[in-house]
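> compute the structure for the input listed below.
(one chain, ligands or ions: 2)
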Amino acid sequence: MTVPYTRWPDDLAARYREKGYWLDLPLTDILERHKTNDATAVVDGDLVLSYRQMAEQSDNLAAALLRRGVKHGDTALVQLGNVADLYVTQFALFKLGVAAVYALFSHQRTELTAYASQIAPTLLIADRQHALFQDNSFIDTLCQAAPAIHSVILRNDGEHENALETLKTETATGYIATPTPADEVAFFQLSGGSTGTPKLIPRTHNDYYYSIRASDDICLINADTRYLIALPAAHNFAMSSPGSLGVFYAGGQVILAADPSATLCFPLIEKHQVTDTGLVPPAVSLWLQTIAEWGSNAQLASLQRIQVGGAKLSESVARRIQSEMGCQLQQVFGMAEGLVNYTRFDDDEQTILTTQGRPISPDDEVWVADENGHPLPEGTTGRLMTRGPYTFRGYFNSPAHNASSFDSEGFYCSGDLIEINAAGNITVQGREKDQINRGGEKIAAEEIENLLQRHPDVIHAALVSITDELMGEKSCAILVVSQPVKAVALRRHLRDLGVAEFKLPDRITFVDALPLTPVGKVDKKLLRQQLADQQAQA
Ligand code: AMP
Ligand code: DBH
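Ligands and ions are numbered 1, 2, ... in the order given. Purely as a prediction, here's the structure:
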């Protein structure tokens, strides 16, 4: 069975092929191009993997999974952190034609169960080093939620027949890859989302491969690139803008870091002579702070370019990058749903410092709509609407949500409020979707409100953003309770239900009743205003 998804209409698909965006090549081609290359592909701590080794290990893993009954057209749930095995696994699954969800390492029970129940995987690949997989109890729960799982492969699980380490080293003889056709789903990206259940984004080989090749041109990636991946490696930014796949396409080197802390990253940059990296704004601020404290940026001498995205970068921080880090800035405004905007390195300074750039492709159609879906004139702020050769056409199995996220011509409404200037550069002005952007990590308000409301003492819950100097935004839960309950107890309740730590409310406050709009919805604008007033007084 192939994974169902909403396709591009024939006329657009024909156009994307004609223009050379869609090459009808599977993503396995990225590795195929370099499979006999002995140059380093990935550095993961002491482990150094060449392209040849990555090609061999992914063949081995694919063949071993095939012997275990995993087959073309299946789906998989994978949770691996910033480790070389993530890439070996990804290429193995591309080769097998298995569409996977690559969950973030920060994801917990709630997220993994939600993904598994949506895609009904036959295969689970995870890491014993993750707290959830230290014993088998959660695996049993997952298998109940997703009874099709028949193979469980674990990393760091000793030396037995189902350990990832065993599978990737069992030599495959004569294995031949059978990726899904290039216009089929290669894998699922994760949406930051705004709904109770996390949504999945089907990405095809054709669309994703185009975004990667075109990103390489814009981001100046080549075989000499040494790219530090310090953000979650499975995130769309770190995977494709240009990310690991962009670096592999060009034959460069990926250097992995477990997190973006300066103490970890600066020595790695120096040791491996890193040339490029991608960061979220709070990480940039922390790097600048470290440079100021140490009075030196000498360890960053090899760093030529830094990409910043995931959340809005302030002009004041942007200005400091060139002078204090000694490298060029590229702003990136992207989304796992598709559309990615970059400032270009030859743009004027004002554009680089104050805009989030312009789309990758001449065929990215981006316009600004008012609340009724009508186009607004240039220079006015409104809703971002887009379609194009690598922007998805619908979330997986979500007809109701799709009906409200797309207009009748297939334009996706991202929920961002933007302005487009005369030169076509976009500035992100705000957001309409019910989401908190906590330094690039997205929190769907409804997901956390639902979980809070499962606490016996919570009657109503609203989650809204509060401004934070370092993170840009943090989250605040405003609760109506039936009897006094401590904030620690509520956080424990959320942890017990199992959600990513970054989704726990940073602040919790209590009110007698939530304010409502005239139509009876919770008035979040008013709540945000009230919290801002309180912050201003404090
Ligand atoms: P996600 O849904 O997790 O892929 O996150 C995509 C969203 O992140 C976008 O729709 C924006 O709201 C936000 N975003 C990404 N990059 C930027 C940026 N450079 N400036 C402001 N917001 C951004
Ligand atoms: O925030 C994002 O999702 C994002 C940011 C920069 C993204 O998906 C991307 C680049 O590709």
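
> least trustworthy helix or strand in this protein by mean pLDDT?
When each helix and strand of the chain is scored by mean pLDDT, DSSP states H and E, helix 524-537 comes last, with a mean of 92.

> list of residues touching that one?
Helix 524-537 has contacts (CB atoms under 8 Å, 6 or more residues apart in numbering) with 434, 445, 462, 464, 465, 466, 467, 476, 478, 509, 514, 515. Heads up, the C-betas are built off the backbone N, CA and C, glycines and all.

> in contact with residue 424, which residues are there?
Residues in contact with residue 424 (CB under 8 Å, 6+ apart) are residue 358.

> residues contacting the top helix by length along the chain, please?
Counting by DSSP state H, the longest helix found in the chain is helix 51-67. For helix 51-67, the external contacting residues (CB under 8 Å, 6+ apart) are 31-32, 34-39, 41-42, 49, 84, 87-89, 91-93, 95-96, 98, 123, 151, 153, 164, 166-172, 175, 177, 248, 251.

> tell me which of those fall in helices.
In this view, those that belong to helices under DSSP H are 31-32, 84, 87-89, 91-93, 95-96, 164, 166-167, 248.

> next one: the longest helix of the chain to chain centre, how far?
Chain-centre distance of helix 51-67: 25 Å, with CA atoms, centre = their mean, to the nearest Å.

> can you tell me the average pLDDT over that helix?
Mean pLDDT, computed over helix 51-67, is 98.

> could you point out which element follows that helix?
Heading C-terminal from helix 51-67, the first helix or strand you meet, by DSSP states H and E, is strand 75-79.

> now that next one: mean pLDDT?
Strand 75-79 shows a mean pLDDT of 98.

> could you give the angle of that strand to helix 84-96?
Here strand 75-79 runs at an angle of 170 degrees relative to helix 84-96 (axes from the mean of the first three to the mean of the last three CA atoms, to 10 degrees).

> still on that earlier bit, mind listing what's buried along the longest helix of the chain?
Within helix 51-67, the residues scored as buried using 16 or more other CB atoms under 10 Å are 51, 53-66.

> go on, stretch 30-43?
For stretch 30-43, using 16+ other CB under 10 Å, the buried residues are 30, 31, 33, 34, 37, 40, 41, 42, 43.

> closest to ligand 1 out of those?
Using CB to the nearest ligand atom, residue 30 is the member of these that sits closest to ligand 1, with 21.4 Å.

> so who does that closest one touch?
Contact analysis of residue 30 by CB under 8 Å, 6+ apart lists 209, 212, 245, 248, 249.

> can you tell me the closest non-neighbouring residue to the third one?
Computed as CB to CB, 6 or more residues apart in numbering, the closest residue to residue 245 that is not its neighbour in sequence is residue 212, at 4.9 Å.

> spell out which parts of this protein neighbour ligand 1.
191-192, 236, 309-312, 331-336, 356, 414, 416, 428, 431, 437, 442 (CB under 6 Å from any ligand atom).

> which sections of the stretch 51-200 of the chain are below the confidence cut-off?
Within the stretch 51-200 of the chain, not a single segment meets pLDDT under 70.

> the closest residue to residue 49 other than its chain neighbours and residue 57, how far apart?
Leaving aside its chain neighbours, residue 49 sits nearest to residue 42 (4.6 Å; criterion: CB to CB, 6+ apart). Distance from residue 42 to residue 57, counting by CB to CB, to the nearest Å: 11 Å.

> again with residue 254
From residue 254 to residue 57 the distance is 15 Å (CB to CB).

> what of residue 43?
From residue 43 over to residue 57 the distance is 15 Å, taken as CB to CB.

> returning to that earlier point: can you select the buried ones from the contacts of helix 524-537 in PyMOL?
Typed into PyMOL, the line below selects the buried ones among the contacts of helix 524-537, using 16+ other CB under 10 Å:
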select buried, resi 434+445+462+464+465+466+476+478+514
